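Chemist: Could you work out the structure for the sequence below:
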Amino acid sequence: MQQLNARGEERKEPPKKAVIRTSDVFGKSLEYFELVPNHGEDSVPLVFHLLIGYFQANPEVLKTEGLFRVATDLTLVHELEVHIAMRNYSHITTVSSPHIVSNCLKKMLREMITPLNPFYLYDDFMALTDVDREQRVEPLRLLVKKLPKQNFNTLKFIVSFL
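Modeler: Residues are numbered from 1 along each chain as shown. Presented below is the predicted three-dimensional model:
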């Protein structure tokens, strides 16, 4: 049935806005991510270099109060995810709030299908809680060596930044 406007003309519906939903960044495993070119198959994924590079390029933002603790607008985090998924990496340089980048990094790590510490090693890591603090270093070092090479390299990269 045709609908008419106040002038008796056929009413046209406004064009619908395209909704972009993506999970191209969040909820993936390390193997999914594009690697830094020419760094080998066990290198740290490019997305981690980009997000941490934001802080390395702007060291003054590391003094931001509540960094890595303060939540931010998830719409802005999603917007950053969309730009990363579209390989529009230069967008990261335009992000005004370091909280957006830190929340994106945290969300990526939290929502990975297979975490940096794979599930098959989880119980081994948890068993270290029963070991005296002074005695944990060597077992922890041996356990970290059991990580897949890419997981180890990524963990090392993130820990050295933090």
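Chemist: Quick one: neighbours of the residue nearest to residue 124 when sequence neighbours are not counted, just the number.
Modeler: Closest residue in space to residue 124, ignoring its immediate chain neighbours: residue 143 at 5.6 Å, by CB to CB, 6 or more residues apart in numbering. To be clear about C-beta, it is placed using only N, CA and C from the backbone, and glycine gets the same treatment. When neighbours are defined as other CB atoms under 10 Å, residue 143 has 16 of them.
Chemist: so who does residue 143 touch?
Modeler: Contact partners of residue 143, counting by CB atoms under 8 Å, 6 or more residues apart in numbering, are 121, 124-125, 128.
Chemist: what about it, helix or strand, and which?
Modeler: Secondary structure from DSSP states H and E places residue 143 in helix 137-145.
Chemist: centre of the chain versus that helix, how much separation?
Modeler: 26 Å (CA atoms, centre = their mean, to the nearest Å).
Chemist: Give me the average confidence score over it.
Modeler: Helix 137-145 comes out with an average pLDDT of 94.
Chemist: Helices of the protein, residue ranges please.
Modeler: 46-57, 74-85, 98-110, 119-127, 137-145, 149-161 (DSSP state H).
Chemist: what's the most buried one of the ones you listed?
Modeler: Of the helices of the chain, the one with the most neighbours on average (mean count of other CB atoms under 10 Å) is helix 98-110, at a mean of 20.
Chemist: Alpha carbons of it, as PDB, please.
Modeler: Output of helix 98-110 as PDB, limited to C-alpha atoms (Å, rounded to 0.1, in the frame of the first residue of the first chain):
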ATOM      1  CA  PRO A  98      44.600   7.100  25.300                       C
ATOM      2  CA  HIS A  99      41.800   5.400  27.100                       C
ATOM      3  CA  ILE A 100      40.300   4.300  23.800                       C
ATOM      4  CA  VAL A 101      43.500   2.700  22.700                       C
ATOM      5  CA  SER A 102      44.100   1.100  26.100                       C
ATOM      6  CA  ASN A 103      40.600  -0.300  26.200                       C
ATOM      7  CA  CYS A 104      41.000  -1.700  22.700                       C
ATOM      8  CA  LEU A 105      44.200  -3.400  23.700                       C
ATOM      9  CA  LYS A 106      42.600  -4.900  26.900                       C
ATOM     10  CA  LYS A 107      39.500  -6.000  25.000                       C
ATOM     11  CA  MET A 108      41.600  -7.700  22.300                       C
ATOM     12  CA  LEU A 109      43.500  -9.700  25.000                       C
ATOM     13  CA  ARG A 110      40.500 -10.500  27.100                       C
END
